[in-house]
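In: what follows is a predicted protein model with its sequence.
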Amino acid sequence: MNLRPLPISAALAVSTFGLLLALVRPEISAAAIPADAGVLPRFDAAPFAEERTPAPTGAEWKPIDPVALTASSQPGCNAYRLREWVRIRCSHLPTSVLAQLGGSREGVSLFIDPPGSWVPPGGEVMFPVRRGDRRVFEWSTFGDSYEGVGAPEVAFRISESWAPGDAAPTILVR
């Protein structure tokens, strides 16, 4: 395959399109800014109680502000914490599959938004964070691969662990 760089005019057109898109659809450009861009409180700023509480209801999550995770590289996604529960929500990422690859299933909730047009516009993962926990989730979007257009393609993984002896849990989104 012979790859050639884009001509200057094509590169300028692409960057101009991106600027116009940001002006016309600011919610898309806002979604490209990492949720934990250094201004959010850390999810582990408040201590985790040893008490096990029931999963929060949708109404309980409504007034909760986003928090920063240990590490996150997924733009357009936000994390929230209520008691020992964490919810990771991606509203601007077309979602094909949410899967738990390993760890305790207790209290885990995976939700894909109903399709807005022909693809689900996002989804969320909710789980308890308790001492001794270890979990891994995989978030897939729609790709263009050998399986065909629209085949699931891994966008990122979520890893949650709280090893015995650690002062706080670790949650990574990469």
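Out: Happy to help now that I have it.
In: check which helix or strand covers residue 89.
Out: Residue 89 belongs to strand 85-90 when assigned by DSSP states H and E.
In: next: residue 60.
Out: Following DSSP H and E, one finds residue 60 within helix 58-61.
In: other residues contacting that helix?
Out: Contact partners of helix 58-61, identified using Cβ atoms under 8 Å, 6 or more residues apart in numbering, comprise 80, 82, 87. Where you see a C-beta, it was placed from the backbone N, CA and C, and this is true even at glycine.
In: and the helices in this protein?
Out: In the chain, the helices defined using DSSP state H lie at 8-24, 26-31, 58-61.
In: distance check, the spatially closest residue to residue 72 that is not a sequence neighbour against residue 145.
Out: Sequence neighbours aside, residue 173 is the residue nearest to residue 72 in space, at 4.2 Å (criterion: Cβ to Cβ, 6 or more residues apart in numbering). Between residue 173 and residue 145 the distance is 23 Å, computed by Cβ to Cβ, to the nearest Å.
In: name the residues of the longest strand seen in the chain that are buried.
Out: If you go by DSSP state E, the chain has its longest strand at strand 148-161. Judged by neighbour count (16 or more other Cβ atoms under 10 Å), strand 148-161 contains these buried residues: 152, 155, 156, 158, 159, 160, 161.
In: distance between it and the chain's centre?
Out: Distance of strand 148-161 from the chain centroid (Cα atoms, centre = their mean, to the nearest Å) equals 11 Å.
In: and what of stretch 51-68?
Out: How far stretch 51-68 lies from its chain's middle: 16 Å, per Cα atoms, centre = their mean.
In: number the residues from 54 up from this point.
Out: Shifting the count to begin at 54 puts that one at stretch 104-121.
In: measure that stretch end to end?
Out: With Cα to Cα, to the nearest Å as the measure, stretch 104-121 spans 23 Å from end to end.
In: kindly report the same for stretch 192-203.
Out: Using Cα to Cα, the end-to-end distance of stretch 192-203 comes to 15 Å.
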